[in-house]
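> Structure for this input, please:
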Amino acid sequence: MLEQQRIVFVGGKGGVGKTTTAAALALQWARRGERCLLVSTDPAHSLGDLFGCQLGEREYPLADGLWGLEIDPEGEADRYVAGVSRTLRTLMPPHLYGEIDRQMRMTRQAPGALEAALLERVADVMEAASEGYDRVVFDTAPTGHTMRLLSLPEVMGAWVDGMLQQRERSGRLGRMLAQLGGKGSDLTYFDDPDALPDSREGRITSVLLARRRKFHRARRLLLDADRCAFVLVLTPEKLPILESAKALDTLARFRVPVAGLVVNRVLPAEAEGPFWATRRAQERVYLGEIATRFANWPQLHVPLFARDIEGVAGLEQVAAHLTLAP
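Modelled structure (predicted):
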């Protein structure tokens, strides 16, 4: 698996080891001579801590052939809303600027604003990085946030399509009224960018078309099993198993390709004593459930290590168990 997919999303329930798995995958590819970009979209931003460095919006070298960056969802939402506000100011008369600002403040706090802004940034990174890197690995936020993010290209694309259809209907009505009102009426150019390309209505339509193209490109890429895949991380415990099942259902509903599962922190055979024997008995039940319930996907087991995973040396221990990558 993952022989040719250049873009990989790593997700799962919070605390199961998504960041470590994503970093180990990326490091493994870098060690094989591929240029790899590791991107964190998780607000917790533990990627920099894992490598012992300070990451930000700019690409930063982490190891030979490996670069990293952290996307700040809150900062992206602020920039996203500011960008929309600037665009609206170029399209609306000055006396409406106050109303624009009020609407933008409400938009910033609206449900889904963070995900919409993050989607735009992720789409930009996917397009830009595909030219300069062999692989791009996204360390995503906990499952619920990631599922909403992956569903947005379809939702936002449909929303923009609806807006364009509404404007097209308005344009047809405007032209009909113009014909009834006589030649030379101001309604002649109502929502008709072909008649007046530099009109306010024409510019609005142009902005909507550009956004639709971006969302459609992101959706095509996410659904392309030859170029993109999702890797789900879980631990052999009840709640991660339940959340993983829900995530797989959501991914299937949106037709996002899943490369496989990484079962993390499996107890090693050398863990002995009554306590570990009890834990192992319980774990054996969960491992059996994982093997049966998720039998349609490849599964890899990564053991629980004696020490915390830190830095390149620690990640190489994890990477040794990730034969998911060629």
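> which residues of the stretch 1-150 of the chain fall in strands?
7-12, 36-40, 60-63, 66-70, 135-139 (DSSP state E, counting those that start in this stretch).
> same thing with the stretch 151-300 of the chain?
Using DSSP E, counting those that start in this stretch, strands in the stretch 151-300 of the chain cover 228-234, 258-266, 299-303.
> rewinding a little: with distance to R121 and mean pLDDT added, can I get the strands of the stretch 1-150 of the chain in TSV?
All C-beta atoms are positioned from the backbone trio N, CA, C, and that covers glycine. Output for the strands of the stretch 1-150 of the chain, formatted as TSV (distance: least, Cβ to Cβ, whole Å; pLDDT from 0 to 100):
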stretch	distance to R121	mean pLDDT
strand 7-12	14	94
strand 36-40	9	96
strand 60-63	17	96
strand 66-70	10	96
strand 135-139	11	95
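> got these as CSV, with distance to L114 columns?
CSV is the format used below for those (distance: least, Cβ to Cβ, whole Å):
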stretch, distance to L114
strand 7-12, 16
strand 36-40, 15
strand 60-63, 23
strand 66-70, 15
strand 135-139, 16
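> Where in the protein is the helix or strand with the lowest mean pLDDT?
helix 143-181 (a mean of 59; mean pLDDT, DSSP states H and E).
> pretty sure Y80 contacts A116?
Yes - if you go by Cβ atoms under 8 Å, Y80 and A116 touch, sitting 6.9 Å apart.
> related to what we said a few turns ago, relative to G68, which of the strands of the stretch 151-300 of the chain is closest?
Closest of the strands of the stretch 151-300 of the chain to G68 is strand 228-234, at 17.5 Å (criterion: Cβ to Cβ).
> What about A259, how many residues nearby?
Residues lying near A259 (other Cβ atoms under 10 Å) number 22.
> Repeat that for E34.
E34, neighbours per other Cβ under 10 Å, totals 16.
> Identify the residues contacting it.
G65, D134, R135 (Cβ atoms under 8 Å, 6 or more residues apart in numbering).
> Any regions of the chain where pLDDT drops low?
The chain contains residues with pLDDT under 70 at 1, 111, 143-145, 148-202, 204, 208, 324-326.
> can you pull out the helices in it?
Along the chain, counting by DSSP state H, helices occupy 18-31, 47-51, 73-91, 97-109, 113-132, 143-181, 200-222, 238-253, 274-293, 311-319.
> Check which helices and strands the first one sits against.
Using 3 or more Cβ pairs under 8 Å, 6 or more residues apart in numbering; DSSP states H and E as the contact criterion, the elements in contact with helix 18-31 are strand 7-12, strand 36-40, helix 47-51, strand 66-70, strand 135-139, strand 228-234, strand 258-266, helix 311-319.
> Likewise for the third one?
For helix 73-91, the packing partners by 3+ Cβ pairs under 8 Å, 6+ apart come out as helix 97-109, helix 113-132, helix 200-222.
> want to throw the ones you listed into JSON lines with distance to P240?
Formatted as JSON lines, these follow (distance: least, Cβ to Cβ, whole Å):
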{"stretch": "helix 97-109", "distance to P240": "31"}
{"stretch": "helix 113-132", "distance to P240": "23"}
{"stretch": "helix 200-222", "distance to P240": "23"}
